[in-house]
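>>> quick one, structure for this:
(2 chains)
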Amino acid sequence: MIEVLHPGIHTSIQDMGRMGFQSLGVPIGGAMDQNAMHWANYLLNNPKQSAVLEMSFKGPKLLFHEATTIALTGADMQAKVNGVALQNHKAIQIKENTILEFGIAQQGKRTYLAIAGGIQSPVVLGSRSQYKDITPQTVIGKTKLIPFNKTQINGQKGARLSFTASDWDNKLIPAYKGPDFHLLPKKAQTQLKNNAFTISVKNSRMAYVLEEKLIHQIPSIWTVPVLPGTVQCTPNGTLIVLMRDAQTTGGYPRVLQISDEGLNLLAQKSTKAYFQFKIGSV
Amino acid sequence: MENGPPFRFFITHPKVVLLEWDTEPDDALLNRLIEFRKAIKKEFVEVIQITQGYCSLMLFHDKAINTIDRYQTRLNLLYSSLVSFSKKNSKLWRIPVCYSEAWAPDLNALSKSLNMTKDTLIEKHVSVRYRVQFIGFLPGFLYLSGLPKILECARKDQPVSHVAKGSVAIGGKQTGIYPVNSPGGWHLIGKTPYPLFKPQEENPCFAQAGDSIQFEPITLKNYWELEERIKNKTFKIRPE
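So this is what the prediction gives:
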């Protein structure tokens, strides 16, 4: 078990998401940066669908009741064990009764903590990803216990991953034209291709609202299916980027679709970060 | 059967295909979407999930589609081979709704603005069978068509931050039930004790696209009794 001494700003259990229930209105969900989560599990030889802890902005303070092996990927959150700094991107042995403490995210916004064998919280509708009204808890709260498989303590690969600062600083978000892109006037299409866009304070696991508006006049549409990465344009030109916890349907025109890679990159950006869409073909 | 209205084939994402019909939604289109969806599920093993809108289907695949042309040909062939939708697979669900003022904070104001008595409003609301177009927005939220024209009304200017789970509401040309606590901009006229979404069950939502819904008015006393029976698992609505 891991005991949560302090939950951090937004810490939740995530995996690859919940596939197969969108037709009942259930969001896909899952880790915001699937790539970082994947590498964390990879370092421990965990199965791909193993659940990890996603920590956003400022991480938690955790007490490990038993020994295990962990790996940290994503943003550097100044992880410390008994005051000693830990490195991201490699397998780390944790002794029993160890306190692991995180600080504020440097470069990037979300950090992933994988545990040997994966987090063993209840599976609801095929996934452990926490989501309001689906799983018993929406986020990790104080004093909560996070179960893991304590018999599975060695599974790490010898590998160490290396990242360079430029990976974090990537301001080009790959995207495809959305089903309603062609309805936009030329000027708005050019805006989408050439301008920089800024993430507003309204950003969550569900959606990022952008600050800059499009100049457009497109008719509203009948409610349609949407998915993570869909970029909607409201009647006043506001762009809404749907993230992993996106609703399954939406009523605004869909001007772009961000690629999986683009979504992972955006997951590591937050308020006031700016970027440009790199529009290519599917 | 005659060829159905043509659809647009759009690749949204390497693993996602969108099919869209450029038409107003109606019963005939809904029947066709349901039939097509069923056929795709059966014939396309690579499709792992299909979501639906008023005039669209979205197909999710387990991996990127690489032979687009062949895929599209197969899809077109399947579409042209569809037989007509049979009503025998669609169910009628009678959902108990209490229209008592305790659960209907907006009933008074709405009936006034629609120029009718509260009783007339309720009578109209329970008089028709609504059809489930699809499920979306929230887990277990049914998009229903068939609201009597006389009950159409503008949505609230400002959504309220908390609408209780089970609330029955009218907004614009639509009526619906909030399956979970959420913010909402529709006018609240009643509440059902019956859960629309049960995540712990294998089939979390009883209704599906194409089914019919009729609201059955119940008293406040009935409401409490039903709520107790639902808690004890001695009450379950059955389809007709």
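>>> list the contacts of A:Phe181.
For A:Phe181, the contacting residues are A:189, A:192, A:255-256, by CB atoms under 8 Å, 6 or more residues apart in numbering or on different chains. Where C-beta positions appear, they are placed from N, C-alpha and C, glycine not excepted.
>>> dump those to a markdown table, plus pLDDT.
Compiled in a markdown table, the contacts of A:Phe181 are given as follows (pLDDT from 0 to 100):
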| residue | pLDDT |
| --- | --- |
| A:Gln189 | 96 |
| A:Leu192 | 97 |
| A:Val255 | 97 |
| A:Leu256 | 98 |
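>>> adding secondary structure, neighbour count and distance to B:Gly185, write those residues out as JSON lines.
What follows is those, written out as JSON lines (DSSP: H, G, I helix; E, B strand; the rest coil; neighbours: other CB atoms under 10 Å in any protein chain shown; distance: CB to CB, whole Å):
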{"residue": "A:Gln189", "secondary structure": "helix", "neighbour count": "18", "distance to B:Gly185": "31"}
{"residue": "A:Leu192", "secondary structure": "helix", "neighbour count": "23", "distance to B:Gly185": "29"}
{"residue": "A:Val255", "secondary structure": "strand", "neighbour count": "26", "distance to B:Gly185": "24"}
{"residue": "A:Leu256", "secondary structure": "strand", "neighbour count": "23", "distance to B:Gly185": "27"}
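>>> now these as JSON lines including distance to A:Arg128?
Below are these laid out as JSON lines (distance: CB to CB, whole Å):
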{"residue": "A:Gln189", "distance to A:Arg128": "41"}
{"residue": "A:Leu192", "distance to A:Arg128": "36"}
{"residue": "A:Val255", "distance to A:Arg128": "33"}
{"residue": "A:Leu256", "distance to A:Arg128": "30"}
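>>> quick one: pLDDT of the most centrally placed residue in chain A?
When chain A is reduced to its mean C-alpha position, the closest residue under CA atoms, centre = their mean turns out to be A:Met32, at 1.3 Å. A:Met32 is assigned a pLDDT of 98 by the prediction.
>>> list the contacts of the spatially closest residue to it that is not a sequence neighbour.
For A:Met32, ignoring the flanking residues on the chain, the nearest one in space by CB to CB, 6 or more residues apart in numbering or on different chains is A:Ala267 at 3.5 Å. Neighbouring residues of A:Ala267 by CB under 8 Å, 6+ apart: A:31-33, A:109-110, A:243-244.
>>> of those residues, which is the most crowded?
For the contacts of A:Ala267, the largest number of neighbours (other CB atoms under 10 Å in any protein chain shown) sits with A:Ala31, at 29 neighbours.
>>> that one looks like it's in a strand, true?
No. The assignment for A:Ala31, made by DSSP: H, G, I helix; E, B strand; the rest coil, is coil rather than a strand.
>>> against A:Asn41, how distant is it?
Remark: distance between A:Ala31 and A:Asn41 (CB to CB, to the nearest Å) = 10 Å.
>>> which residues do these two both contact?
A:Val52.
>>> hmm, back to that, the residue nearest to the centre of chain A against A:Arg110, yeah?
Yes. The pair A:Met32 / A:Arg110 is scored as a contact, 5.6 Å apart, by CB atoms under 8 Å.
>>> so what sits against both of those two?
A:54, A:56, A:267.
>>> out of the residues you listed, who's nearest chain B?
Distance to chain B, by CB to the nearest CB, is smallest for A:Ala267 among these, at 16.6 Å.
>>> pLDDT score for the residue nearest to B:Gly53 when sequence neighbours are not counted?
Nearest residue to B:Gly53, sequence neighbours excluded (CB to CB, 6+ apart): A:Val224, at 3.8 Å. Here the pLDDT value assigned to A:Val224 is 95.
>>> show me what from the stretch 151-282 of chain A comes close to chain B.
A:176, A:178-179, A:222-225, A:227, A:229-230, A:247-249, A:257, A:259-260, A:282 (CB under 8 Å from any CB of the partner chain).
>>> just the buried residues of those.
Among these, the ones that count as buried by 16 or more other CB atoms under 10 Å in any protein chain shown are A:176, A:178-179, A:223-225, A:227, A:229-230, A:247-249, A:257, A:259, A:282.
>>> find the closest residue to chain A in chain B.
Counting by CB to the nearest CB, chain B gets nearest chain A through B:Gly136, at 3.1 Å.
>>> was I right to think that residue contacts B:Tyr54?
No. Counting by CB under 8 Å, B:Gly136 stays clear of B:Tyr54, with 10.1 Å between them.
>>> who touches both of these two?
What both B:Gly136 and B:Tyr54 touch, as defined by CB under 8 Å, 6+ apart, is the set A:223, B:143.
>>> show me which of those two is the more surrounded one.
Using other CB under 10 Å as the criterion, B:Gly136 and B:Tyr54 rank with B:Gly136 on top: 27 against 22.
>>> list the contacts for the more buried one?
A:25, A:223, A:225, A:247-249, B:51-53, B:143.
>>> can you add distance to A:Thr98 and secondary structure and give the residues you listed back as a markdown table?
What follows is the contacts of B:Gly136, written out as a markdown table (distance: CB to CB, whole Å; DSSP: H, G, I helix; E, B strand; the rest coil):
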| residue | distance to A:Thr98 | secondary structure |
| --- | --- | --- |
| A:Gly25 | 41 | coil |
| A:Thr223 | 50 | coil |
| A:Pro225 | 45 | strand |
| A:Gln247 | 40 | coil |
| A:Thr248 | 41 | coil |
| A:Thr249 | 45 | strand |
| B:Thr51 | 44 | strand |
| B:Gln52 | 49 | strand |
| B:Gly53 | 50 | coil |
| B:Tyr143 | 50 | strand |
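>>> and the residues you listed as JSON lines, adding distance to A:Val123?
Formatted as JSON lines, those follow (distance: CB to CB, whole Å):
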{"residue": "A:Gly25", "distance to A:Val123": "19"}
{"residue": "A:Thr223", "distance to A:Val123": "30"}
{"residue": "A:Pro225", "distance to A:Val123": "25"}
{"residue": "A:Gln247", "distance to A:Val123": "22"}
{"residue": "A:Thr248", "distance to A:Val123": "20"}
{"residue": "A:Thr249", "distance to A:Val123": "25"}
{"residue": "B:Thr51", "distance to A:Val123": "22"}
{"residue": "B:Gln52", "distance to A:Val123": "26"}
{"residue": "B:Gly53", "distance to A:Val123": "29"}
{"residue": "B:Tyr143", "distance to A:Val123": "28"}
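>>> determine which two of these are furthest apart.
By the measure CB to CB, A:Gln247 and B:Gln52 form the most distant pair in the contacts of B:Gly136, at 13.9 Å.
>>> can you list the domains in the chain?
Went with chain A since none was named. A:2-164, A:170-280 (automatic domain parsing).
>>> meant chain B actually
According to automatic domain parsing, the ranges for chain B are B:8-88, B:90-231.
>>> which residues does whatever residue of the stretch 101-250 of chain A ends up closest to chain B bridge with?
Scanning the stretch 101-250 of chain A for proximity to chain B using CB to the nearest CB identifies A:Thr249 as nearest, at 3.1 Å. With DSSP bridges as the criterion, A:Thr249 is bridged to A:Pro225.
>>> and the helix or strand of chain B with the lowest mean pLDDT, what other elements does it pack with?
Every helix and strand of chain B was ranked by mean pLDDT, DSSP states H and E. The lowest is strand B:182-184, at a mean of 88. If you count contacts as 3 or more CB pairs under 8 Å, 6 or more residues apart in numbering or on different chains; DSSP states H and E, strand B:182-184 packs onto strand B:160-163.
>>> now what about the helix or strand just after the strand it packs on, what contacts it?
Next along the chain after strand B:160-163, taking DSSP states H and E as the criterion, comes strand B:167-171. Contact with strand B:167-171 is made by B:97, B:103, B:106, B:110, B:125, B:147, B:151, B:153, B:155-156, B:163, B:175-178, B:184-192, B:215, as judged by CB under 8 Å, 6+ apart.
>>> give me that answer again for 7 Å
B:97, B:110, B:147, B:151, B:153, B:155, B:175-178, B:184-192, B:215 (CB atoms under 7 Å, 6 or more residues apart in numbering or on different chains).
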